[in-house]
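Engineer: the amino acid sequence is not available; the structure is as follows:
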């Protein structure tokens, strides 16, 4: 990045209005509870994304003055005082005959939001630059989604949006000390899978910046995930960190709050009522599950019921692989600028984490990497696609990569692509759904070891996406992969309907179309309208 560009970005960041970080629950208190529990909106996320038409304190005062009246109508009151968010689902359908690639390229502007669209007193956290959202009900920037979206931006030649996204993520880390789950106040208490190191590599590869420019932000993100680790003794935990019996430290997903998620308030309250545990414990586990990006999955539960969720008791193979990547990246960049002692320190940390991953996550019997239940001192026996992430970040041996490939093929590969898990729970991050980010990490991870299964998975995934595009003229958030590609359908399950758009599906698909120009999906055309 040139000095002039850097100066302009610093000026933009300085001009961003200071965010009011009160969440909707904090701000509206009993009004918030009444709206969410009363089902004023069909989707719990709607109210937390509403824009107040006046001063929030006066709205709350007005509610308190009127709510006990015999003729008080809560829904009418809400619609008098709030503007609901706009959901642009109809914009995501291609005109007849448009190719899949052109559809994706044309969608980037549709999915782009600008800083001037940040109204005051709403839950949106201001950003200095334009950014790309997933689509549908997700009208804000999301952390790990954005990396996979960026893969497509790069292939579409949208260096402008890549640069804007790079500066937005740097701003978030500078401002909040971490990248929130999304740029909403109600997401500030948690992050998502830490993929900023992967983003920085992508930025440098496409000429957006020199990676060393982001070293301070990489260090700050690392400190967020490792806060308190040095004071832990065996058996201790603190936020994201768990100290094992041998003194080694690994990480878990975590959220600093233990109240219902505001964007799913009623759902969380009902889930907690089905559990015998104290409600606040269930809320913490649900929030940690949301921090994982896998919200929700049998991966975090004892059986199929969401009320059994135990996310903070599980050491995830993907999270610790991403942090290994982050440690390696910090080492490399410190070495590049001559900070040898810092480079050596992070080399040691990466090697220690790799050794612990090898000891705890590699399961010789399964021939794959499995999550580990640190409270019960045992592996989680059900295989899921996170097993591919050690290959994606390059920490597996060649033998481990081959055995993991075989396990994925035998236990998760289906006609339409790679399954998410082996268990059908009704949750969206389980069988029969397949997801673009998991496909990308599996494909890239297998290719790191020159394993042919990568091309097979890519071929199946493109056929699934291309087939549904020919039928419905759009891309969606997730897909059913138990059917062959000719009978593709969008995925289901979870807390909300299937969403169109869709950022990370667009990004991964655009990259894979470029890598396999002879695949039939490159010729997929939008359906004629009846």
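Structural biologist: That came through fine. Nothing here was measured: the structure is a model prediction, and the numbers come from that model. Residues are numbered from 1 along each chain as shown.

Engineer: excluding chain neighbours, what is closest to residue 528?
Structural biologist: residue 96 (4.6 Å; Cβ to Cβ, 6 or more residues apart in numbering). Every residue, glycine included, has its C-beta placed from N, CA and C.

Engineer: name the element the one you found belongs to?
Structural biologist: Counting by DSSP states H and E, there is no helix or strand that carries residue 96.

Engineer: ok, now residue 390?
Structural biologist: Element membership for residue 390 (DSSP H and E) is helix 389-392.

Engineer: how many neighbouring residues does the residue nearest to residue 528 have?
Structural biologist: Neighbours of residue 96 under the rule other Cβ atoms under 10 Å: 11.

Engineer: cool, residue 364 as well?
Structural biologist: 8.

Engineer: show me what contacts it?
Structural biologist: With contacts defined as Cβ atoms under 8 Å, 6 or more residues apart in numbering, residue 364 has no neighbours.

Engineer: please tell me how far it sits from residue 379.
Structural biologist: Going from residue 364 to residue 379 by Cβ to Cβ, to the nearest Å gives 11 Å.

Engineer: what do you get for residue 301?
Structural biologist: Residue 301 is 16 Å from residue 379, by Cβ to Cβ.

Engineer: how about residue 312?
Structural biologist: Taking Cβ to Cβ, one finds residue 312 at 17 Å from residue 379.

Engineer: now swap in residue 65 and tell me
Structural biologist: Using Cβ to Cβ, residue 65 is found at 57 Å from residue 379.

Engineer: from what I see, the residue nearest to residue 528 and residue 526 are in contact.
Structural biologist: Yes - in terms of Cβ atoms under 8 Å, residue 96 counts as a neighbour of residue 526; the distance is 5.5 Å.

Engineer: overlap in contacts of those two?
Structural biologist: When contacts are counted by Cβ under 8 Å, 6+ apart, residue 96 and residue 526 have residue 473 as shared neighbours.

Engineer: buried residues in stretch 380-389, which are they?
Structural biologist: 380, 382, 383, 384, 385, 386, 387, 388, 389 (16 or more other Cβ atoms under 10 Å).

Engineer: so the second one touches residue 297, yeah?
Structural biologist: No - the pair residue 382 / residue 297 is not scored as a contact, 9.8 Å apart, by Cβ under 8 Å.

Engineer: mutual contacts of those two, please.
Structural biologist: Counting by Cβ under 8 Å, 6+ apart, the shared contacts of residue 382 and residue 297 are residue 421.

Engineer: my read: residue 319 touches residue 254, true?
Structural biologist: No - Residue 319 lies out of contact with residue 254 (Cβ under 8 Å); the separation is 10.1 Å.

Engineer: ok, these two, which is more surrounded?
Structural biologist: Higher neighbour count among residue 319 and residue 254: residue 319, with 25 against 22, using other Cβ under 10 Å.

Engineer: tell me the SS of that one?
Structural biologist: helix (DSSP: H, G, I helix; E, B strand; the rest coil).

Engineer: give me the pLDDT value at it.
Structural biologist: For residue 319, the model assigns a pLDDT of 98.

Engineer: skipping its backbone neighbours, what lies nearest it in space?
Structural biologist: residue 251 (5.5 Å).

Engineer: tell me the contacts of the one you found?
Structural biologist: 225, 226, 240, 241, 242, 315, 319, 320, 323.

Engineer: the same query, at a cut-off of 7 Å, please.
Structural biologist: For residue 251, the contacting residues are 225, 240, 241, 319, 320, 323, by Cβ atoms under 7 Å, 6 or more residues apart in numbering.

Engineer: and these, which are buried?
Structural biologist: 225, 240, 241, 319, 320, 323.

Engineer: distance to residue 233 for those residues - can I get that in CSV?
Structural biologist: Shown next, in CSV, are these (distance: Cβ to Cβ, whole Å):
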residue, distance to residue 233
225, 19
240, 17
241, 12
319, 22
320, 20
323, 21
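
Engineer: and which of those is nearest residue 80?
Structural biologist: Set against residue 80, the nearest of the buried ones among the contacts of residue 251 by Cβ to Cβ is residue 240 (42.2 Å).

Engineer: surely the closest one and residue 225 touch.
Structural biologist: Yes - between residue 240 and residue 225 there is a contact under Cβ atoms under 7 Å: 5.1 Å.

Engineer: quick one: residue 406 and residue 368 touch, right?
Structural biologist: No - counting by Cβ under 7 Å, residue 406 sits too far from residue 368 to count as a contact (8.6 Å).

Engineer: and the two? which has more neighbours close in?
Structural biologist: Just comparing residue 406 and residue 368: by other Cβ under 10 Å the higher neighbour count belongs to residue 368, 26 against 14.

Engineer: that one: what's it in contact with?
Structural biologist: So residue 368 contacts 383, 387, 403, 404, 407 (Cβ under 7 Å, 6+ apart).

Engineer: what's the most distant pair in the residues you listed?
Structural biologist: Pairwise distances across the contacts of residue 368 peak at 11.9 Å for 383 and 403 (criterion: Cβ to Cβ).
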